[in-house]
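Enquirer: I need the structure of the sequence given here:
(chains A and B)
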Amino acid sequence: DVKVTQSSRYLVKRTGEKVFLECVQDMDHENMFWYRQDPGLGLRLIYFSYDVKMKEKGDIPEGYSVSREKKERFSLILESASTNQTSMYLCASRDPSNEQFFGPGTRLTVL
Amino acid sequence: DQQVKQNSPSLSVQEGRISILNCDYTNSMFDYFLWYKKYPAEGPTFLISISSIKDKNEDGRFTVFLNKSAKHLSLHIVPSQPGDSAVYFCAASAGVTGGGNKLTFGTGTQLKVEL
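Expert: Modelled structure (predicted):
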(Lines give C-alpha, C1' and ligand atoms only; values in the text may rest on other atoms or scores of the structure.)
Protein backbone atom coordinates (compact mmCIF):
# COMPACT_ATOMS: atom_id res chain seq x y z
CA ASP A 1 0.00 0.00 0.00
CA VAL A 2 1.14 3.50 -0.82
CA LYS A 3 1.78 5.52 2.27
CA VAL A 4 1.94 9.30 2.37
CA THR A 5 2.65 10.74 5.79
CA GLN A 6 2.57 14.32 7.00
CA SER A 7 4.60 15.46 9.96
CA SER A 8 1.76 16.98 11.98
CA ARG A 9 -2.01 16.52 12.11
CA TYR A 10 -2.61 19.80 13.91
CA LEU A 11 -0.41 22.88 14.12
CA VAL A 12 -0.92 26.29 15.72
CA LYS A 13 1.42 29.13 14.80
CA ARG A 14 1.58 32.88 15.26
CA THR A 15 1.46 35.51 12.53
CA GLY A 16 4.92 36.11 11.08
CA GLU A 17 6.36 32.75 12.07
CA LYS A 18 8.14 30.56 9.54
CA VAL A 19 6.28 27.26 9.18
CA PHE A 20 7.51 23.98 7.73
CA LEU A 21 5.10 21.24 6.68
CA GLU A 22 6.76 17.95 5.84
CA CYS A 23 5.50 15.17 3.61
CA VAL A 24 7.04 11.77 2.98
CA GLN A 25 5.96 9.04 0.55
CA ASP A 26 7.29 5.50 0.42
CA MET A 27 6.48 4.42 -3.14
CA ASP A 28 9.31 6.07 -5.07
CA HIS A 29 6.86 8.34 -6.89
CA GLU A 30 8.40 11.13 -8.91
CA ASN A 31 5.47 13.54 -8.67
CA MET A 32 4.40 15.16 -5.43
CA PHE A 33 1.87 17.89 -4.71
CA TRP A 34 0.76 20.32 -2.01
CA TYR A 35 -2.86 21.46 -1.81
CA ARG A 36 -4.92 23.45 0.60
CA GLN A 37 -8.56 22.69 1.24
CA ASP A 38 -10.96 25.43 2.27
CA PRO A 39 -14.77 25.29 2.63
CA GLY A 40 -16.51 26.13 -0.63
CA LEU A 41 -13.23 26.25 -2.54
CA GLY A 42 -12.32 22.59 -2.79
CA LEU A 43 -8.69 21.56 -3.16
CA ARG A 44 -6.40 24.16 -4.66
CA LEU A 45 -2.90 23.34 -5.86
CA ILE A 46 -0.11 25.35 -4.24
CA TYR A 47 3.04 23.77 -5.69
CA PHE A 48 4.08 20.51 -7.26
CA SER A 49 7.32 18.75 -8.01
CA TYR A 50 8.05 16.20 -10.73
CA ASP A 51 11.61 15.36 -9.68
CA VAL A 52 14.21 16.04 -7.03
CA LYS A 53 15.05 19.74 -6.88
CA MET A 54 12.36 20.47 -9.49
CA LYS A 55 9.29 22.48 -8.60
CA GLU A 56 6.47 24.26 -10.34
CA LYS A 57 3.93 26.76 -9.14
CA GLY A 58 0.36 25.65 -8.86
CA ASP A 59 -2.69 27.87 -8.83
CA ILE A 60 -2.06 29.69 -5.53
CA PRO A 61 1.71 29.80 -4.81
CA GLU A 62 1.81 33.27 -3.24
CA GLY A 63 3.13 33.21 0.30
CA TYR A 64 4.53 29.68 -0.03
CA SER A 65 7.71 27.99 -1.14
CA VAL A 66 8.72 24.33 -1.39
CA SER A 67 11.77 22.14 -1.12
CA ARG A 68 12.45 18.72 -2.66
CA GLU A 69 15.96 17.61 -1.73
CA LYS A 70 15.13 13.90 -1.72
CA LYS A 71 12.68 11.97 -3.85
CA GLU A 72 10.57 10.79 -0.94
CA ARG A 73 10.25 14.14 0.83
CA PHE A 74 8.43 17.29 -0.24
CA SER A 75 8.29 20.23 2.15
CA LEU A 76 5.96 23.22 2.11
CA ILE A 77 7.26 26.41 3.68
CA LEU A 78 5.29 29.41 4.82
CA GLU A 79 7.95 32.12 4.97
CA SER A 80 5.88 34.43 7.18
CA ALA A 81 2.58 32.90 8.24
CA SER A 82 -0.55 34.99 7.97
CA THR A 83 -4.07 34.40 9.25
CA ASN A 84 -5.39 33.80 5.73
CA GLN A 85 -3.13 30.77 5.55
CA THR A 86 -5.20 29.02 8.20
CA SER A 87 -6.36 25.93 6.32
CA MET A 88 -6.15 22.18 5.87
CA TYR A 89 -2.97 21.30 3.97
CA LEU A 90 -2.88 18.09 1.98
CA CYS A 91 0.14 16.45 0.43
CA ALA A 92 -0.13 13.89 -2.38
CA SER A 93 2.11 11.74 -4.52
CA ARG A 94 1.21 10.45 -7.95
CA ASP A 95 1.79 7.06 -9.54
CA PRO A 96 2.40 6.52 -13.28
CA SER A 97 -1.30 5.81 -13.87
CA ASN A 98 -2.09 9.39 -12.77
CA GLU A 99 -3.71 8.36 -9.49
CA GLN A 100 -2.84 10.64 -6.60
CA PHE A 101 -2.46 9.29 -3.08
CA PHE A 102 -3.06 11.74 -0.28
CA GLY A 103 -1.68 12.09 3.21
CA PRO A 104 -4.01 12.61 6.19
CA GLY A 105 -3.66 16.38 6.12
CA THR A 106 -2.33 19.04 8.48
CA ARG A 107 -4.83 21.43 10.03
CA LEU A 108 -2.87 24.68 10.40
CA THR A 109 -4.19 27.56 12.48
CA VAL A 110 -2.39 30.91 12.32
CA LEU A 111 -3.25 33.24 15.19
CA ASP B 1 -11.76 30.83 -12.90
CA GLN B 2 -13.25 27.54 -11.72
CA GLN B 3 -12.52 25.02 -14.46
CA VAL B 4 -14.18 22.14 -12.60
CA LYS B 5 -17.50 22.86 -10.95
CA GLN B 6 -19.65 20.90 -8.57
CA ASN B 7 -22.75 23.04 -8.29
CA SER B 8 -24.39 21.10 -5.47
CA PRO B 9 -22.54 21.66 -2.20
CA SER B 10 -24.65 19.01 -0.49
CA LEU B 11 -26.90 16.06 -1.25
CA SER B 12 -29.07 13.95 1.03
CA VAL B 13 -30.23 10.47 0.01
CA GLN B 14 -31.98 7.61 1.76
CA GLU B 15 -30.13 4.36 2.33
CA GLY B 16 -30.68 1.93 -0.53
CA ARG B 17 -31.52 4.63 -3.07
CA ILE B 18 -29.33 6.00 -5.85
CA SER B 19 -26.96 8.93 -5.22
CA ILE B 20 -26.07 11.03 -8.25
CA LEU B 21 -23.25 13.53 -7.94
CA ASN B 22 -22.63 15.91 -10.80
CA CYS B 23 -19.57 17.70 -12.13
CA ASP B 24 -19.11 20.14 -15.02
CA TYR B 25 -15.88 21.31 -16.61
CA THR B 26 -14.94 24.06 -19.00
CA ASN B 27 -11.48 23.12 -20.25
CA SER B 28 -11.77 21.08 -23.45
CA MET B 29 -8.18 19.85 -22.96
CA PHE B 30 -9.22 17.72 -19.98
CA ASP B 31 -9.17 14.06 -20.97
CA TYR B 32 -8.99 12.17 -17.71
CA PHE B 33 -11.41 12.46 -14.82
CA LEU B 34 -11.37 11.10 -11.30
CA TRP B 35 -13.60 11.01 -8.27
CA TYR B 36 -12.22 11.17 -4.76
CA LYS B 37 -13.97 10.61 -1.48
CA LYS B 38 -13.02 12.40 1.70
CA TYR B 39 -13.96 11.70 5.30
CA PRO B 40 -13.42 14.39 7.96
CA ALA B 41 -9.84 14.54 9.30
CA GLU B 42 -8.58 12.22 6.54
CA GLY B 43 -6.99 12.78 3.16
CA PRO B 44 -9.05 12.15 0.01
CA THR B 45 -9.02 8.59 -1.33
CA PHE B 46 -9.36 7.61 -4.96
CA LEU B 47 -12.71 6.14 -5.93
CA ILE B 48 -13.03 5.74 -9.68
CA SER B 49 -11.74 7.30 -12.88
CA ILE B 50 -12.64 7.57 -16.55
CA SER B 51 -10.69 8.41 -19.66
CA SER B 52 -12.23 10.55 -22.38
CA ILE B 53 -12.21 7.61 -24.80
CA LYS B 54 -14.96 6.05 -22.72
CA ASP B 55 -18.40 7.25 -21.70
CA LYS B 56 -18.93 4.90 -18.78
CA ASN B 57 -16.83 3.13 -16.18
CA GLU B 58 -18.19 0.85 -13.50
CA ASP B 59 -16.70 -0.50 -10.28
CA GLY B 60 -19.09 -2.32 -7.99
CA ARG B 61 -21.68 0.12 -6.67
CA PHE B 62 -19.95 3.08 -8.33
CA THR B 63 -20.42 4.13 -11.96
CA VAL B 64 -19.04 7.24 -13.61
CA PHE B 65 -20.64 8.61 -16.77
CA LEU B 66 -18.92 11.08 -19.09
CA ASN B 67 -20.71 13.29 -21.62
CA LYS B 68 -17.94 15.02 -23.53
CA SER B 69 -20.18 17.16 -25.70
CA ALA B 70 -21.83 18.60 -22.59
CA LYS B 71 -18.55 18.66 -20.63
CA HIS B 72 -20.36 16.89 -17.84
CA LEU B 73 -19.69 13.86 -15.71
CA SER B 74 -21.64 12.18 -12.98
CA LEU B 75 -21.01 9.63 -10.28
CA HIS B 76 -23.78 7.15 -9.49
CA ILE B 77 -23.77 5.17 -6.26
CA VAL B 78 -26.26 2.31 -6.12
CA PRO B 79 -27.36 1.31 -3.57
CA SER B 80 -26.27 4.11 -1.26
CA GLN B 81 -25.04 3.10 2.19
CA PRO B 82 -24.51 5.15 5.36
CA GLY B 83 -20.74 4.61 5.03
CA ASP B 84 -20.87 6.52 1.74
CA SER B 85 -21.53 9.74 3.67
CA ALA B 86 -18.51 11.89 2.85
CA VAL B 87 -17.38 14.78 0.67
CA TYR B 88 -16.91 13.80 -2.96
CA PHE B 89 -14.48 15.69 -5.19
CA CYS B 90 -14.42 15.55 -8.93
CA ALA B 91 -11.00 16.11 -10.54
CA ALA B 92 -9.72 16.46 -14.09
CA SER B 93 -6.39 16.45 -15.86
CA ALA B 94 -5.12 17.19 -19.36
CA GLY B 95 -3.04 14.21 -20.48
CA VAL B 96 -3.27 10.75 -18.93
CA THR B 97 0.46 10.13 -19.05
CA GLY B 98 3.47 12.32 -18.75
CA GLY B 99 5.26 13.90 -15.88
CA GLY B 100 3.89 16.66 -13.73
CA ASN B 101 0.29 16.53 -14.96
CA LYS B 102 -1.72 18.18 -12.27
CA LEU B 103 -5.27 17.57 -11.22
CA THR B 104 -7.83 20.37 -11.09
CA PHE B 105 -10.39 19.72 -8.39
CA GLY B 106 -13.98 20.79 -8.00
CA THR B 107 -15.33 22.35 -4.83
CA GLY B 108 -16.83 19.11 -3.52
CA THR B 109 -20.29 17.77 -2.70
CA GLN B 110 -21.16 16.64 0.81
CA LEU B 111 -23.20 13.45 0.54
CA LYS B 112 -25.30 12.35 3.48
CA VAL B 113 -26.93 8.93 3.34
CA GLU B 114 -29.73 8.68 5.85
CA LEU B 115 -31.16 5.56 7.42
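Enquirer: strand partners of the helix or strand hosting A:F33, parallel vs antiparallel please.
Expert: Here A:F33, judged by DSSP states H and E, is contained in strand A:31-38. If you go by DSSP bridges, strand A:31-38 pairs up with strand A:42-51 (antiparallel), strand A:87-94 (antiparallel).
Enquirer: any chance of a markdown table for these, columns mean neighbour count?
Expert: For every residue, glycine as well, the C-beta is placed using N, CA and C. A markdown table is the format used below for these (neighbours: other CB atoms under 10 Å in any protein chain shown):
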| stretch | mean neighbour count |
| --- | --- |
| strand A:42-51 | 21 |
| strand A:87-94 | 24 |
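Enquirer: which stretch among those comes nearest B:T109?
Expert: B:T109 sits nearest to strand A:42-51 of all the strands paired with strand A:31-38, at 10.0 Å, using CB to CB.
Enquirer: so whatever residue of chain B ends up closest to chain A versus B:H72, what's the distance?
Expert: Here the residue of chain B nearest chain A is B:G43; by CB to the nearest CB that distance is 3.2 Å. According to CB to CB, to the nearest Å, B:G43 and B:H72 sit 27 Å apart.
Enquirer: the more surrounded of these two?
Expert: Between B:G43 and B:H72, counted using other CB atoms under 10 Å in any protein chain shown, B:G43 has the larger neighbour count: 21 against 14.
Enquirer: which parts of chain B sit against chain A?
Expert: Contacts of chain B with chain A, taken as CB under 8 Å from any CB of the partner chain, map to B:4, B:6, B:9, B:32, B:34, B:36, B:41-46, B:49, B:89, B:91, B:93, B:96-97, B:99-108.
Enquirer: report the buried members of the residues you listed.
Expert: The neighbour count (16 or more other CB atoms under 10 Å in any protein chain shown) marks B:4, B:6, B:32, B:34, B:36, B:43-44, B:49, B:89, B:91, B:93, B:101-108 as buried among those.
Enquirer: let me see the mean pLDDT of stretch A:78-91.
Expert: Per-region confidence: stretch A:78-91 scores 97 on mean pLDDT.
Enquirer: next, the distance between the ends of that stretch.
Expert: Terminal residues of stretch A:78-91 are spaced 15 Å apart (CA to CA, to the nearest Å).
Enquirer: stretch A:24-38 too?
Expert: Taking CA to CA, stretch A:24-38 runs 23 Å from one end to the other.
Enquirer: so, low pLDDT: which residues of chain B?
Expert: Residues of chain B meeting the criterion pLDDT under 70: B:96-101.
Enquirer: contacts made by stretch B:66-86 with the rest, please.
Expert: B:13-26, B:28, B:33, B:35, B:37-39, B:47-48, B:50, B:52, B:54-56, B:61-65, B:88, B:90, B:110-115 (CB atoms under 8 Å, 6 or more residues apart in numbering or on different chains).
Enquirer: next one: that stretch to chain centre, how far?
Expert: 6 Å (CA atoms, centre = their mean, to the nearest Å).
Enquirer: repeat for stretch A:57-70
Expert: Mean C-alpha position of stretch A:57-70 versus that of the full chain (CA atoms, centre = their mean) differs by 8 Å.
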